[in-house]
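1. sequence-free structure coming up:
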């Protein structure tokens, strides 16, 4: 055992510091164990801890892209720098000598002394002499339980000899205060908003009572739903206000530890509703919010807000547990006609005798009440700002999602701020303002996020100088991994700072109050003296016609698909060059140039491209960067923004970025046009061919007669396929598939081995480095990894489109008969390909997309079209149908879509398919391989046991 000082000191003897990742040290335990198993010295582990702390600070906290930003003279303060290992790691990382005082932990004392001197020089006298301060007073401590609100804080009251009292442990100063002087409390608009939102009258007599959880999207649209139900004679009963006691009731059913606190809290509200006298629970599946601003691309809800009802139906199952059905109809606020249609369909199911006239009238009134509520909030925020300007008061625009006004979620941050004498307004002040898309790199796709970005723009531009920006953000919030940097840039250009307060279920009120108090005092100290400045937002140029001669660099996606991309580019008239597969250097570049909390695929994609740009291999005037762009609810739509920001940060803002997307609105690229009609047939046939090669390889490699034969055949038929694609010869792919099936069959020893199905996020599933080479490792263990065809990801859009129309989310733009015709054409090609490979013994035929959707609908809403969407549930069903009962789900750590569509539906999937054995693995740059492979070993043993049982049964 080492003492802390000794453990720190031995790091200076390290020769090969361990790579323990860059995330918080709580996640480091598995990496340390892995290092120990690999024989790392204690000195190297100690040094690795030092590097992790430093990298976490530089990459995640300070977000340093260029170390020159820190200057040549660097001094550090704080107790952390009592550790010499951290000082040395910082010096090595920066390549500069770092200065530190003898007592760095006393930085607070230095600050207090400087502040005291300033106040003394301004004429403020000290309340007591230094001589008196040197004699500590005796005091008594008493613990009290505050009854001022539902938090029931445990308060410590210190009573001194002179009768003075000091309180600690209280979240607010409403009841127990320790202020030395009187300070007028500020206006708390968040509190007012909460009261306006939920303080509504109930029906005294109603034929039906619906329970509505006070969570997520209800903080945005409750006035609409309350009015709609009330006018239709239905009583809407809310769950109680959030408390820790309520939260703890449902915590045992939370499926993902790293999901945001607002989502975890939903479970407790469902349990709370079950204790009330209700007939049903109403939890709508809202895909789109009302689009407030025509300049924004979309008005999606995030996947959690949209789809969390699927998690509740799976993890809690109120109907089975409490006998209370849960209604989760799909809606869109972006289209009034479809919204009304969806409401009518729901009421016809709920109360068949209700007339259309009543519903029409209730719908119109509900829209008006919602609009009036929003107008009131906007006017009230402006009123607070105007009065504050007159009275020279400080105003904090406390931005966040609608549910951040929940006092438990935000831990009464708004009350803390107003307790220090500042007024608090909300982002509602910008509801009816238009955004300037030229100020941001990000695609403005999420409704709540769009409003937050507009709020930052307003504070940076039109707002008076006494208005400052603070944002509440939840740990695990997917969209915030993008917009935190975006908002920081917007405000920095205007000479203002952005403050972000991260919250979760842990109540760390002391440090939060310290941060807020420091912020308020510093803002008052500056007193608007910083002045307003506005620098121009830098953008990468659009890809013009003159840029068609540039080489487009593309990140590596998967071994069976990426090799064909350059040939496909040639057909379209573009030169595309694949980057090499990702490696550890890709991770380093990705962490350097993208937010450390972004999903792992984004880290690798940004890293691959920036590694190439900075390699010196390419002339910046001759290249462009390329990426696919989904345009959906997932964060992948915004990968392009990360790439652009990385280029700008590194000084390559003159390099254009192109995207392959279904929408031309997502990225300006007038010179990049894909005329798919000319070569769509050969591209699609090539994709089916690649899927077949993938199946041949993954089923033959663990059964090959001689090691390496499958790998040789894989390379051979990929090369032949590339040549065929270049020749635009779709017919030849069928001949090649037949040849490949025969050759793979010839080297396959037909050994009866276990199979493990692979599902998950598209990049992690197909990218070897992205999933830590798990597929190859399974093959080495004598297990067949069954990887679904990539083409099914695209074919599923046929059924997804039908689900959108049926769910009243999108109008019927493409006639149903056209979709059916497209499906028939697609499957005609697939069946023709399959007819060429009938002799291959382990081929799994393509399933019908509408059968897939039907099977998935038993588990999940088909409007779950974020990430892999309902396809993961469909793949579960398909694997079980083929007697593949052991399935691994590969996901990026913190994937917000995965919280719903994979982990979130685990319990329901097991109920529908009892034989299913599921393992969920999360991946990021700091993930321990030991932890992953240890968990996989158990699944392999289970698969082998099943195989032995099956063999024994059939041999009887």
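-> Thanks, I have the structure now. Keep in mind that this is a model prediction, so the values were computed, not measured.

2. So residue 684 sits against residue 828, correct?
-> No - checked against C-beta atoms under 8 Å, the pair residue 684 and residue 828 is beyond contact range at 11.2 Å. Where C-beta positions appear, they are placed from N, C-alpha and C, glycine not excepted.

3. Of these two, which one has the most company?
-> Between residue 684 and residue 828, counted using other C-beta atoms under 10 Å, residue 684 has the larger neighbour count: 20 against 10.

4. Contact partners for residue 280?
-> If you count contacts by C-beta atoms under 8 Å, 6 or more residues apart in numbering, residue 280 has them with 208, 209, 210, 211, 324, 325, 326, 327, 350.

5. Contacts only, for residue 906.
-> Going by C-beta under 8 Å, 6+ apart, residue 906 touches 255, 314, 918, 920.

6. Show me just the buried residues among those.
-> With neighbours counted using 16 or more other C-beta atoms under 10 Å, these contain these buried positions: 255, 314, 918, 920.

7. Please narrow these to those residing in helices.
-> The helices, defined by DSSP state H, take in residue 314 from the buried ones among the contacts of residue 906.

8. Taking the buried ones among the contacts of residue 906, tell me the two that lie furthest apart.
-> Farthest pair in the buried ones among the contacts of residue 906 (C-beta to C-beta) is 314 and 920. Separation: 13.6 Å.

9. how close does the spatially most central residue of the chain get to residue 435?
-> Centroid check for the chain by C-alpha atoms, centre = their mean gives residue 478 as the closest residue, at 2.1 Å. Distance from residue 478 to residue 435, counting by C-beta to C-beta, to the nearest Å: 20 Å.

10. can you check residue 2 too?
-> Noted for residue 2: a distance of 54 Å to residue 435, by C-beta to C-beta.

11. cool, and residue 418?
-> Per C-beta to C-beta, residue 418 is found 28 Å from residue 435.

12. For those two, indicate the residue with more neighbours.
-> The neighbour comparison of residue 418 against residue 435 (other C-beta under 10 Å) goes to residue 418, with 24 against 20.

13. And that one, which helix or strand is it part of?
-> If you go by DSSP states H and E, residue 418 is part of helix 413-419.

14. Which residue comes closest to residue 590 once chain neighbours are left out?
-> Nearest non-adjacent residue to residue 590, counting by C-beta to C-beta, 6 or more residues apart in numbering: residue 607, 2.9 Å away.

15. contacting residues for that neighbour?
-> Per C-beta under 8 Å, 6+ apart, neighbours of residue 607: 582, 585, 586, 587, 588, 589, 590, 591, 593, 594.

16. for residue 434, same thing?
-> Residue 434 makes contacts with 293, 294, 295, as judged by C-beta under 8 Å, 6+ apart.

17. residues near residue 518, how many?
-> Residue 518 sits with 12 neighbouring residues when counted by other C-beta under 10 Å.

18. Secondary structure element holding it?
-> Using DSSP H and E, residue 518 sits in helix 509-526.

19. which secondary structure elements does that helix contact?
-> In terms of contacts (3 or more C-beta pairs under 8 Å, 6 or more residues apart in numbering; DSSP states H and E), helix 509-526 is packed against helix 413-419, strand 498-503.

20. so which of those gets nearest residue 725?
-> Ranked by C-beta to C-beta, the member of these that lies closest to residue 725 is strand 498-503, at 47.5 Å.

21. and the direction of that closest one versus that of helix 509-526, what angle?
-> Using axes from the mean of the first three to the mean of the last three C-alpha atoms, to 10 degrees, the direction of strand 498-503 lies 170 degrees away from that of helix 509-526.

22. and strand 498-503, which residues are buried?
-> 498, 499, 501, 503.

23. Which of these sits closest to residue 143?
-> Nearest to residue 143 among those is residue 503, at 25.6 Å by C-beta to C-beta.

24. what sits against the closest one?
-> Contacts for residue 503 (C-beta under 8 Å, 6+ apart) come out as 261, 404, 409, 410, 411, 413, 472, 473, 474, 475.

25. How many residues are close by the closest residue to residue 440 other than its chain neighbours?
-> Once flanking residues are discounted, residue 440 sits nearest to residue 486: 5.5 Å by C-beta to C-beta, 6+ apart. Neighbour count of residue 486, defined by other C-beta under 10 Å: 24.

26. my guess is residue 486 contacts residue 441, does it?
-> Yes - using C-beta under 8 Å, residue 486 is in contact with residue 441, at 6.8 Å.

27. what residues are shared contacts of those two?
-> Common contacts of residue 486 and residue 441 (C-beta under 8 Å, 6+ apart): residue 641.

28. If we ignore the residues flanking it in sequence, what's nearest residue 433?
-> Once flanking residues are discounted, residue 433 sits nearest to residue 454: 6.0 Å by C-beta to C-beta, 6+ apart.

29. how would you label that neighbour: helix, strand or coil?
-> For residue 454, the assignment made with DSSP: H, G, I helix; E, B strand; the rest coil gives helix.

30. surely it meets residue 437?
-> No - counting by C-beta under 8 Å, residue 454 stays clear of residue 437, with 10.8 Å between them.

31. more crowded one of the two?
-> residue 454 (26 against 16).

32. From residue 447, how far off is that one?
-> Plainly put, residue 454 is 11 Å away from residue 447 if you go by C-beta to C-beta.

33. again, but for residue 508
-> Shown here: residue 508 relative to residue 447, a distance of 29 Å by C-beta to C-beta.

34. Give me the residue ranges of the stretch 501-650 of the chain where confidence is low.
-> Within the stretch 501-650 of the chain, the stretches with pLDDT under 70 are 527-535.

35. Equivalent analysis for the stretch 751-900 of the chain, please.
-> For the stretch 751-900 of the chain, no range has pLDDT under 70.

36. Which elements pack onto the helix or strand hosting residue 931?
-> Residue 931 is part of helix 929-954, with elements assigned from DSSP H and E. Under the contact criterion of 3+ C-beta pairs under 8 Å, 6+ apart, helix 929-954 touches helix 29-37, strand 755-760, helix 774-780, strand 886-892, strand 917-923.

37. can you do 7 Å?
-> On a contact count with 3 or more C-beta pairs under 7 Å, 6 or more residues apart in numbering; DSSP states H and E, helix 929-954 meets helix 29-37, strand 886-892, strand 917-923.

38. any idea whether the spatially most distant residue from the centre of the chain is helix, strand or coil?
-> Ranked by distance from the centre of the chain (C-alpha atoms, centre = their mean), the top residue is residue 131, with 55.7 Å. Of the three states, residue 131 takes helix under three-state DSSP.

39. Could you work out the end-to-end span of stretch 475-483 for me?
-> Stretch 475-483 has an end-to-end distance of 14 Å (C-alpha to C-alpha, to the nearest Å).

40. what comes up buried for it?
-> For stretch 475-483, a neighbour-count test (16+ other C-beta under 10 Å) marks 475, 476, 477, 478, 479, 480, 481, 482, 483 as buried.

41. could you point out which element follows whichever strand or helix holds residue 320?
-> If you go by DSSP H and E, residue 320 is part of helix 318-322. Downstream of helix 318-322, the next assigned helix or strand under DSSP H and E is strand 326-327.

42. who does that next one pair up with?
-> Sheet pairing here is set by DSSP bridges, and for strand 326-327 it gives strand 280-282 (parallel).

43. picking up where we left off before, of the buried residues of stretch 475-483, closest to residue 748?
-> Distances from residue 748 to these, taken by C-beta to C-beta, are shortest for residue 478, at 42.5 Å.

44. got the contact list for the nearest residue to that closest one once chain neighbours are set aside?
-> Nearest non-adjacent residue to residue 478, counting by C-beta to C-beta, 6+ apart: residue 896, 3.6 Å away. Residues near residue 896 by C-beta atoms under 7 Å, 6 or more residues apart in numbering: 302, 303, 304, 478.
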